[in-house]
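> predicted model follows, preceded by the sequence.
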Amino acid sequence: MPQLHEKQVTVDHGPRTVSRPWGTYTVVDQGPGFQVKRLMIRPGAAISLQLHRRRSEHWVVTAGVAFVTIGDGETQLRVGQSVYVPQNTKHRLRNAGDEPLVIVEVQIGAYLEEDDIVRFDDLYGRA
């Protein structure tokens, strides 16, 4: 009688979207040393003033207008503009507009988990 062999099947569950008080993020792709997310920040909302000890980030605005704090400075970014956020640098994204702000975020580093967030100021009372 012939022997039956099991076929190994990989199931891709697609992008994973996570809700936060400021909006959502979706993990679009990831691999060794990088992760790509799509952030949607609701009108009037902002991420916490924070830093990451083990990663840097690149932000590209794909919809809306971003008010970006990096270190002691603040700048405004429109669709197609981008900014680099160095590791160990305080930063924040804020949406002061009436439309959702959409950012493509590329994280680079040896450790990319959510517990690498040091918060300094948070509108939603998170520590």
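Now that the structure is in, tell me what you want to look at.

> which element, helix or strand, includes Tyr84?
When elements are assigned from DSSP states H and E, Tyr84 belongs to strand 82-85.

> now Pro100: phi and psi?
Here is the backbone geometry of Pro100 (degrees, to the nearest 10): phi -60, psi 140.

> I'd guessed Gln50 sits against Lys90; true?
Yes. With contact defined as Cβ atoms under 8 Å, Gln50 and Lys90 form a contacting pair (7.0 Å). The C-beta positions use only the backbone N, C-alpha and C, and glycine is treated the same way.

> what is the burial count for the closest residue to Val27 other than its chain neighbours?
Once flanking residues are discounted, Val27 sits nearest to Arg16: 5.0 Å by Cβ to Cβ, 6 or more residues apart in numbering. Using other Cβ atoms under 10 Å, Arg16 has 11 neighbouring residues.

> what ranges in the protein fall below the confidence cut-off?
Where the chain drops to pLDDT under 70, the residues are 1-15.

> how about Val106, phi and psi?
phi -110, psi 120.

> that'll do, ta.
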